[in-house]
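Novice: here are the coordinates; sequence isn't available:
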């Protein structure tokens, strides 16, 4: 599916299930905000963000995958996603945190040496890795019986097979989230993140058959 169609279908799904998605994403946002505040108050509590964000994100991605595959969503799906995928969510968010840490360290190093071309290259690679993470989260949650390594290879294969479309979708979704963040914190947390995972799921997953949609 091309990025434009994926975003159109995600907008349709979000409109038809908006109150459920907003509630789930609001819970996700509250967890993240509370974790960030705890980390700011006690820097050693930064690990709390990782511990809380992983399962919460996994539940949200599970909702997006369920909606794309079945065409319907219930609030119970969020609990099911948390129960089924909390370990995988922890694994994925630890991996993401490690990449962020490496990116920040590289940016500070090159920036401190005034090596601006390498600093800009670091930002570019960091954005690409962020887009890859969206695809990886979707595959990893959509196929929980597969190993994380297998999901990572499948995500890399999709990005390699469709680099232009994947980057285009990722950049547009990045812009959507930046606009939402600039508008206000809570609307950002309750709208654009859920939409991002919905659009990614439509882009990554095959279209369901009529039997699967029933």
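Specialist: The structure has been received and is ready for your questions. Please read these numbers as outputs of a predicted model, since none were measured by experiment. Residues are numbered from 1 along each chain as shown.
Novice: and the strand or helix carrying residue 117, what other elements does it pack with?
Specialist: For residue 117, the enclosing helix or strand under DSSP states H and E is helix 116-142. Using 3 or more Cβ pairs under 8 Å, 6 or more residues apart in numbering; DSSP states H and E as the contact criterion, the elements in contact with helix 116-142 are helix 46-70, helix 75-112, helix 148-161, helix 163-183, helix 193-204. Every C-beta, even on glycine, is put in place using the N, C-alpha and C of the backbone.
Novice: quick check: which of those helices is nearest to residue 136?
Specialist: In terms of Cβ to Cβ, the element of the helices and strands packed on helix 116-142 nearest to residue 136 is helix 148-161, at 4.2 Å.
Novice: how near is residue 153 to residue 30?
Specialist: As judged by Cβ to Cβ, to the nearest Å, residue 153 and residue 30 stand 34 Å apart.
Novice: tell me which of the helices and strands packed on helix 116-142 sits most buried.
Specialist: Most buried of these, by mean neighbour count (mean count of other Cβ atoms under 10 Å): helix 193-204, with a mean of 26.
Novice: that helix vs helix 148-161, what angle?
Specialist: Between helix 193-204 and helix 148-161, the angle formed by their directions is 70 degrees, by axes from the mean of the first three to the mean of the last three Cα atoms, to 10 degrees.
Novice: what lies in contact with helix 193-204?
Specialist: With contact meaning Cβ atoms under 8 Å, 6 or more residues apart in numbering, helix 193-204 is reached by 1, 3, 5-7, 9-11, 13-14, 21-22, 24-25, 28-29, 60-61, 63-65, 67-68, 134-135, 137-139, 142, 158, 165-166, 169, 173, 176-177.
Novice: report the helix or strand with the lowest average pLDDT across this protein.
Specialist: Taking mean pLDDT, DSSP states H and E as the measure, helix 210-213 is the helix or strand of the chain with the lowest mean score, a mean of 52.
Novice: burial count for residue 138?
Specialist: The tally of other residues near residue 138 (other Cβ atoms under 10 Å) stands at 24.
Novice: what stretches of the chain score poorly on pLDDT?
Specialist: 35-36, 38-50, 184-190, 208-214 (pLDDT under 70).
Novice: tell me the centre residue of this structure?
Specialist: Nearest to the mean C-alpha position of the chain, counting by Cα atoms, centre = their mean, stands residue 134 at 4.6 Å.
Novice: contact partners for that one?
Specialist: Residue 134 sits in contact with 170, 173, 196, 197, 200, where contact means Cβ under 8 Å, 6+ apart.
Novice: how about the nearest residue to the second one, chain neighbours excluded?
Specialist: Distances taken as Cβ to Cβ, 6 or more residues apart in numbering place residue 196 nearest to residue 173, at 4.8 Å, with adjacent residues excluded.
Novice: how near is that neighbour to residue 11?
Specialist: When Cβ to Cβ is the yardstick, residue 196 and residue 11 sit 12 Å from each other.
Novice: ok, residue 111 next?
Specialist: For residue 111, the distance to residue 11 under the criterion Cβ to Cβ works out to 38 Å.
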